[in-house]
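In: Take this sequence and fold it.
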Amino acid sequence: MTGTNRDKQLSRIILKGFKSIARCDLELSRVNVLIGANGAGKSNFIGFFRMIQQLLEQNLQVFVSRQGSPDALLHFGRKTTQQLEFQLYFGNNGYFATLEPTQDNRLMFAKESFWWDMSGEREIGRGHFETLAFVDTRIGIDEYVLSAMQQWRVYHFHDTSDSAYVKQLHGINDNIYLRSDARNLASFLYLLRDRNPASYQKIIKTIRLVAPFFGDFYLRPSPQNKEFIELEWFERGQDVPFKAHLLSDGTLRFVCLATVFLQPEELQPETILVDEPELGLHPYAIAILASLIRTTKKQVIVSTQSVELLNEFDANDVIVVDRHEEKSSFRRLVKHDLEEWLEDYSLGELWKKNVVGGRPSR
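Out: Model (predicted):
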């Protein structure tokens with residue numbers, strides 16, 4: 001396919017009518033850090049990518065039902081917003097769709113299409129309820145757009161309770177990729193230890209920076225059933241394995257994050273999304289996390305409430321999310337505009353002083 005841009009990172013998103021986002025036209029770079037007040041729309045932005053994951057798995061209507069109805073997804077419901085529209089650009093290639101609510105509370109594709117080289121659009125259908133993107137890919141766009149979108153991962157490691165999936169027995173063969181809630185963390189680490197020992201050791205060494213007491217994982221098929229595995233670990237200098245529930249919440253979340261960013265590059269998603277990754281982390285762990293984000297070659301989109309995490313990034317990496325007149329707005333900072341301020345203040349201080357926005361407003 002001549003003249004096709006092979007960039008698999010999302011370069012621009014136009015999103016209209018999704019939850020608090022009436023309209024968003026945003027260019028994305030390799031690192032994108034969203035800041036803003038509670039309820040500004042950061043989580044809604046990341047939630048859109050969850051919807052796309054379900055759409056690509058032919059589960060759009062299941063996703064809509066679980067949300068309650070199309071009105072829960074449309075900006076203030078169908079009386080205010082008649083369509084949910086999005087355009088996803090990957091360099092010169094893209095994917096476009098318009099969704100409309102139906103009387104039986106489904107979302108219907110009013111239009112779905114691909115385009116490439118910014119010159120040709122190819123409509124693939126109207127009036128259907130699950131994507132037709134995989135039905136006919138003769139133009140070869142699937143290699144450049146669909147494969148990237150299918151690899152998007154929205155990670156959330158908030159649940160570290162006793163009943164969290166990451167602490168339970170899990171199928172030992174579920175190791176193709178790290179799941180969004182890290183439920184297969186033990187299975188995935190078991191695979192890395194055997195097939196990618198260099199990456200595995202990087203993960204161990206990085207965990208020790210944050211938790212010096214940590215020795216290693218104790219990864220083995222369950223003695224009761226060889227088809228399952230459970231997350232276990234050693235304390236440094238000891239040989240008695242502990243269960244995952246004896247790791248602190250913050251340590252366990254950092255283990256998950258370190259695995260995301262230090263897994264082999266060929267296994268990493270093209271775009272990594274994490275909602276509030278700083279939750280429960282010590283400030284030093286936040287600094288290590290920021291270093292992992294900055295050094296990965298993949299695209300990263302994170303939302304944060306952490307001043308410490310914000311301070312670790314360049315102003316050009318930051319997207320300020322505000323909410324005015326019941327609508328979310330997205331604005332990327334420009335470092336040049338803040339040069340005088342940054343001589344005396346950190347980015348976090350400017351955020352707290354409301355110089356850059358992203359604070360609650362009446």
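In: Centroid-nearest residue for this structure?
Out: residue 273 (1.5 Å; CA atoms, centre = their mean).
In: For that residue, which phi and psi angles does the backbone take?
Out: Dihedral pair for residue 273: phi -120, psi 130, per degrees, to the nearest 10.
In: same thing with residue 281?
Out: phi -90, psi 140.
In: Run a quick neighbour tally on it.
Out: If you count neighbours by other CB atoms under 10 Å, residue 281 ends up with 22. Any C-beta I mention is one placed from the backbone N, CA and C, and that applies to glycine too.
In: picking up where we left off before, is the residue nearest to the centre of the chain in contact with residue 49, as I believe?
Out: Yes: look at residue 273 against residue 49 with CB atoms under 8 Å: they come within range, at 5.5 Å.
In: which neighbours do these two share?
Out: 152, 154, 301 (CB atoms under 8 Å, 6 or more residues apart in numbering).
In: Give me the neighbour count for the last one.
Out: Meaning residue 301. 25.
In: Tell me who's in contact with it.
Out: 28, 32, 34, 46, 49, 271-274.
In: In which helix or strand does it reside?
Out: Assigned by DSSP states H and E, residue 301 belongs to strand 299-304.
In: chain center to that strand: distance?
Out: 7 Å (CA atoms, centre = their mean, to the nearest Å).
In: contacts for the very next helix or strand once past it?
Out: Downstream of strand 299-304, the next assigned helix or strand under DSSP H and E is helix 307-310. By CB under 8 Å, 6+ apart, the residues outside helix 307-310 that reach it are 33, 35, 277-278, 283, 286-287, 289-290, 302, 304, 318, 347-349, 351-352.
In: How about stretch 61-73?
Out: 18-19, 50-51, 54-55, 77-78, 84, 101-102, 105-107, 129-130.
In: If we use 6 Å, what do you get?
Out: The contact list for stretch 61-73 (CB atoms under 6 Å, 6 or more residues apart in numbering) reads 51, 54, 77-78, 101, 105-107, 129.
In: now swap in stretch 23-40 and tell me
Out: Here stretch 23-40 has contacts from 10, 12-16, 42, 299-303, 310, 313, 317-323, 330, 358-360, using CB under 6 Å, 6+ apart.
In: So which of those residues belong to helices?
Out: Among the contacts of stretch 23-40, the members falling in helices are 42, 310 (criterion: DSSP state H).
In: Mind checking which of the contacts of stretch 23-40 are buried?
Out: Buried subset of the contacts of stretch 23-40 (neighbour count, 16 or more other CB atoms under 10 Å): 10, 13, 15-16, 42, 299-303, 310, 313, 317-323, 330, 358-359.
In: Show me where this protein dips below the pLDDT cut-off.
Out: Residues of the chain meeting the criterion pLDDT under 70: 1-6, 118-119, 136-143, 362.
In: Try it again at 80.
Out: 1-7, 117-120, 136-144, 361-362 (pLDDT under 80).
In: now the helices for it?
Out: 42-56, 60-67, 146-150, 185-195, 197-210, 249-262, 283-295, 307-310, 339-342, 347-352.
In: Kindly reformat the ones you listed as JSON lines containing distance to residue 120.
Out: Formatted as JSON lines, the helices of the chain follow (distance: least, CB to CB, whole Å):
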{"stretch": "helix 42-56", "distance to residue 120": "22"}
{"stretch": "helix 60-67", "distance to residue 120": "26"}
{"stretch": "helix 146-150", "distance to residue 120": "17"}
{"stretch": "helix 185-195", "distance to residue 120": "40"}
{"stretch": "helix 197-210", "distance to residue 120": "40"}
{"stretch": "helix 249-262", "distance to residue 120": "36"}
{"stretch": "helix 283-295", "distance to residue 120": "36"}
{"stretch": "helix 307-310", "distance to residue 120": "41"}
{"stretch": "helix 339-342", "distance to residue 120": "42"}
{"stretch": "helix 347-352", "distance to residue 120": "41"}
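In: Just tell me which of those ends up closest to residue 221.
Out: Nearest of the helices of the chain to residue 221, taken as CB to CB: helix 185-195 at 8.5 Å.
In: quick one, the strand holding residue 301 and helix 42-56 angle?
Out: For strand 299-304 against helix 42-56, the angle by axes from the mean of the first three to the mean of the last three CA atoms, to 10 degrees is 140 degrees.
In: Strand 299-304 vs helix 249-262, what angle?
Out: Using the same axes, to 10 degrees: strand 299-304 against helix 249-262 is 160 degrees.
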